[in-house]
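Colleague: For reference, the sequence and a predicted model appear below.
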Amino acid sequence: MSGKYVKVGQKNRLKVVGKAGFGVFLDGRQFDEILLPKRHAPADCNIGDELDVFVYLDSDDHLIATTETPLACVGEFAALKVKEVNPIGAFLDWNLGKDLLVPFREQKTRMREGGHYVVYLYQDEETRRIVGSSRLHKFIDRSAGEYQNSQPVSLLIYDKTDLGYMAIINNRHQGLLFSQEANDSVKPGDKVQGYIKRIRPDGKIDLCLKKPGFDQQALDSLSQQIMDKLAVAGGFLPMNDKTDPAEIKRVFGASKRAFKMALGGLYKQRLIKIETSGIRSNQ
């Protein structure tokens, strides 16, 4: 958090350079000194101490510091609740004394009091004010990014479509979580852990909530099912890793790949023999 310049709308580590009855003054570096009001200043801080603070603009557009932690910083996406709507725009609760303004021009759909919306926080170049926008397409990086299949990622669900849910990946890119992957366990505004399922040839990203690959519990269940059927059949089944996938699906309700994995596990445990005409129990 320390650095050469103070970053507005971000957390900074700043040195105490003065004290007054109403607060302490921090080294504003490229700016004038920045006030940290008394109610936010540690009671035992002294000149020379370094404090971790969030720097933003107060109601008079003066730089001010706080030790409170906002729900989002400039350059981040977040799901926030609307506290009030007035002729200027919507004001969202971001856990600071001054609410976050989302001007009407930056609202994808008209915001309503009490509603939750995913917004991006940025500093307006003309007014220097920190504002939000629900027009997320302007801020999402459309590139595929340097992700790998099965890589764990942070997801912020921001929209529901006919195919599933759109999510912001690692506060930068976007991907699609298909409905069958979500099972109605998420909704817009949720922040969840997910995984990269695949990167499509066109660069679009498919997501999932469970790490891609076989569920070990399901594989164990299939293995037990195979052993049970062997026991009922007298120790031999006319099925092996060459059996038609449709027959495997009919008998075990599993894919051929899962069936082969289960057979491989049972063989390594020396519970079965794999023969040309089927599998035989060693028990």
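Modeller: Structure's in. What do you need?
Colleague: Mind listing what's buried along stretch 73-83?
Modeller: Buried residues in stretch 73-83, counted by 16 or more other Cβ atoms under 10 Å: 73-74, 76-80, 82. Yep, even glycine has a C-beta here, placed from its N, CA and C like the rest.
Colleague: how about TSV for the residues you listed, with distance to N170 and pLDDT added?
Modeller: Shown next, in TSV, are the buried residues of stretch 73-83 (distance: Cβ to Cβ, whole Å; pLDDT from 0 to 100):
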residue	distance to N170	pLDDT
C73	15	97
V74	17	97
E76	11	97
F77	10	98
A78	14	98
A79	16	98
L80	19	98
V82	26	98
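Colleague: Now for the residue nearest to G189 when sequence neighbours are not counted: which residues touch it?
Modeller: Spatial nearest neighbour of G189, chain neighbours left out: A79 (3.6 Å); criterion: Cβ to Cβ, 6 or more residues apart in numbering. Residues in contact with A79 (Cβ atoms under 8 Å, 6 or more residues apart in numbering) are 116-119, 156, 158, 188-191.
Colleague: Considering the residues you listed, which is situated nearest to Y5?
Modeller: Y5 lies nearest to V119 out of these, by Cβ to Cβ, at 25.2 Å.
Colleague: Would you verify that the closest one is located in a strand?
Modeller: Yes - remark: V119 belongs to a strand, assigned using DSSP: H, G, I helix; E, B strand; the rest coil.
Colleague: Find the nearest non-adjacent residue to it, please.
Modeller: V119 sits nearest to G132 (Cβ to Cβ, 6+ apart), 3.8 Å away.
Colleague: so that neighbour sits in a strand?
Modeller: Yes - under three-state DSSP, G132 falls within a strand.
Colleague: Distance-wise, check it relative to F259.
Modeller: 52 Å (Cβ to Cβ, to the nearest Å).
Colleague: repeat for V251
Modeller: Counting by Cβ to Cβ, the gap from V251 to F259 is 9 Å.
Colleague: can I assume the residue nearest to V119 is in contact with D99?
Modeller: No - the criterion here is Cβ atoms under 8 Å, and G132 misses it with D99 at 10.0 Å.
Colleague: Could you name the specific helix or strand carrying Y56?
Modeller: Using DSSP states H and E, the element containing Y56 is strand 50-57.
Colleague: partners of that strand, with directions?
Modeller: Sheet pairing for strand 50-57, assigned by DSSP bridges, gives strand 11-20 (antiparallel), strand 63-66 (antiparallel).
Colleague: Count the neighbours of D228 for me.
Modeller: Neighbour count of D228, defined by other Cβ atoms under 10 Å: 10.
Colleague: residues contacting the closest residue in space to Y165 that isn't next to it in sequence?
Modeller: The shortest distance from Y165 to any non-neighbouring residue, by Cβ to Cβ, 6+ apart, is to L177 (4.5 Å). By Cβ under 8 Å, 6+ apart, the contact list for L177 reads 155, 157, 164-167, 186, 194, 207-209.
Colleague: Looks to me like L177 is in a helix.
Modeller: No - counting by three-state DSSP, L177 is not part of a helix but strand.
Colleague: Distance check, it against L271.
Modeller: 38 Å.
Colleague: Could you do D141 as well?
Modeller: 50 Å.
Colleague: Great, nothing more from me.
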